[in-house]
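Undergrad: can't give you the sequence, but here's the structure:
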């Protein structure tokens, strides 16, 4: 029995195990490179030349801006009407390698630029740096650059729209097409971002991948080792030393009124899910069919079926069923094999069960006695028929 139940649990769990493994693998493949980039850590932007910055994850000191070449605006609408509008991102033109590269050299160097995307949470500091930069370009006094911001992010290629604003910005500064091509890199540093999203988002996705992998691994190990039958084994051993062997024989000879539900002479086995439950028939107090209509726009689109089963300790259990026919077949089988159980629903039974359980128990015992008496008459009649049969050998 246990080996069969273990195999059934593995079969039921396998689709979810595969889905979880595939989802974890997909997240690892997609976000893994960004995660490795984050683990390696950023390189110093000021140490890179314009030919080395592509795809680099960098940290830089933001202290000077040549100006803002684009601003991203977020608009909030309600029922198609604009209710608010605010700047959410500023795109600055900054020097490749930082200012020190150009002022601490005896050589004449052309200024080389790259973009810097600054999110709104840094706007206050960026506004001060922008003002200080205006003062610097008037006096070229380094003391005016008294505010700095250390930022980290990945260098990403500009999209067509951003590149159009970037080019227009340098056109207004009288850069020729050749100068723009040679000295203005079509990349931008997106603060706190990696290629596939914000650093926090990438780390969250990697954590999710690890969780999904561990869940799938746990389910696989649990199914292979019979963990989904642990509750069944514990429940049977609690009933007596020999109950596990008794249940094993009962399982093999049990009827199966619907797939996943097996009813023997002593036990009901619920194998509809990954986990296997077992109920001693002598402890079944009440069971009835439960239907739920699922509606959409006032119309029933589907119906789910189950059997609500109460044991003698008044604990409720729900057995999932595929149809009304399956419910009827299970209830009929239980009614034949469980004389002490009440089957079917009425408001009077509900009130009796909830408010006068002693009377409900008395009804159960009365039904059991009547069924046993009926069965006794049937057995006696059968024995008498066999004795009076002259051809019976």
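TA: In hand now; what should we look at? Here the structure is a predicted model, which is why all the values come from computation and not from measurement.
Undergrad: please make it C-alpha for all contacts and neighbour counts, starting now.
TA: Fine.
Undergrad: which positions within stretch 305-318 qualify as buried?
TA: Residues 305-311 are the ones in stretch 305-318 that count as buried (16 or more other Cα atoms under 10 Å).
Undergrad: residues contacting that stretch, please?
TA: Stretch 305-318 is touched from outside by 283-292, 319-324, 327, with contacts defined as Cα atoms under 8 Å, 6 or more residues apart in numbering.
Undergrad: filter these down to the ones in strands?
TA: 284-292, 319-321 (DSSP state E).
Undergrad: buried ones among those?
TA: Buried subset of the ones in strands among the contacts of stretch 305-318 (neighbour count, 16+ other Cα under 10 Å): 284-290, 319-321.
Undergrad: ok, of the residues you listed, which one's closest to residue 52?
TA: residue 320 (62.0 Å; Cα to Cα).
Undergrad: could you give the bridge partners of the nearest residue to that closest one once chain neighbours are set aside?
TA: Nearest in space to residue 320, with sequence neighbours left out and distances taken as Cα to Cα, 6 or more residues apart in numbering, is residue 306 at 4.4 Å. For residue 306, the beta-bridge partners are residue 290, residue 320 (DSSP bridges).
Undergrad: try the one 10 residues further on
TA: Each beta-bridge partner of residue 316 is listed here, defined by DSSP bridges: residue 310.
Undergrad: quick check: it vs residue 310, distance?
TA: 5 Å (Cα to Cα, to the nearest Å).
Undergrad: what's the answer for residue 294, then?
TA: From residue 294 to residue 310 the distance is 25 Å (Cα to Cα).
Undergrad: again with residue 4
TA: 27 Å.
Undergrad: what ranges do the helices span in this protein?
TA: Counting by DSSP state H, one finds helices in the chain at the ranges 2-40, 100-103, 123-139, 160-172, 177-183, 199-224, 230-239, 243-253, 324-337, 347-355, 357-387.
Undergrad: okay, now the unreliable bits of the stretch 251-393 of the chain?
TA: Scanning the stretch 251-393 of the chain for pLDDT under 70 picks out the ranges 374-393.
Undergrad: which residues sit against stretch 178-186?
TA: 50, 110-115, 157-158, 163, 167, 170.
Undergrad: which of those residues lies closest to residue 298?
TA: Nearest to residue 298 among those, with distances taken as Cα to Cα, is residue 158, at 50.2 Å.
Undergrad: which residues touch that closest one?
TA: 186-188.
Undergrad: try it again at 6 Å.
TA: Neighbouring residues of residue 158 by Cα atoms under 6 Å, 6 or more residues apart in numbering: 186-187.
Undergrad: burial measure for residue 344, as a count.
TA: 16 (other Cα atoms under 10 Å).
Undergrad: now do the one 5 residues further on
TA: Counted by other Cα under 10 Å, the residues lying close to residue 349 total 17.
Undergrad: same deal with residue 205?
TA: By the criterion of other Cα under 10 Å, residue 205 has 19 neighbours.
Undergrad: picking up where we left off before, distance to residue 56 for the helices of the chain - can I get that in TSV?
TA: Below are the helices of the chain laid out as TSV (distance: least, Cα to Cα, whole Å):
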stretch	distance to residue 56
helix 2-40	9
helix 100-103	19
helix 123-139	23
helix 160-172	19
helix 177-183	18
helix 199-224	14
helix 230-239	52
helix 243-253	64
helix 324-337	62
helix 347-355	69
helix 357-387	73
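Undergrad: grab the nearest non-local neighbour of residue 364.
TA: Among residues not flanking residue 364 along the chain, residue 340 sits closest, at 5.1 Å (Cα to Cα, 6+ apart).
Undergrad: out of the buried ones among the ones in strands among the contacts of stretch 305-318, which is nearest to residue 71?
TA: Of all those, residue 71 sits closest to residue 320, with 56.4 Å by Cα to Cα.
Undergrad: mind checking how far that closest one is from residue 285?
TA: 18 Å.
Undergrad: how about residue 14?
TA: In this view, residue 14 and residue 285 are 35 Å apart by Cα to Cα.
Undergrad: need the strands for the stretch 51-200 of the chain, in chain order.
TA: 57-62, 67-78, 81-95, 113-119, 149-157, 184-191, 193-194, 197-198 (DSSP state E, counting those that start in this stretch).
Undergrad: as CSV, those with mean pLDDT and mean neighbour count would be great.
TA: Below are the strands of the stretch 51-200 of the chain laid out as CSV (pLDDT from 0 to 100; neighbours: other Cα atoms under 10 Å):
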stretch, mean pLDDT, mean neighbour count
strand 57-62, 95, 21
strand 67-78, 88, 14
strand 81-95, 88, 17
strand 113-119, 95, 23
strand 149-157, 95, 20
strand 184-191, 95, 24
strand 193-194, 95, 24
strand 197-198, 94, 16
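Undergrad: dump those to a markdown table, plus distance to residue 357.
TA: A markdown table is the format used below for these (distance: least, Cα to Cα, whole Å):
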| stretch | distance to residue 357 |
| --- | --- |
| strand 57-62 | 70 |
| strand 67-78 | 56 |
| strand 81-95 | 61 |
| strand 113-119 | 66 |
| strand 149-157 | 68 |
| strand 184-191 | 67 |
| strand 193-194 | 64 |
| strand 197-198 | 60 |
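Undergrad: what's the closest of those strands to residue 46?
TA: Nearest to residue 46 among the strands of the stretch 51-200 of the chain is strand 57-62; the distance by Cα to Cα comes to 6.7 Å.
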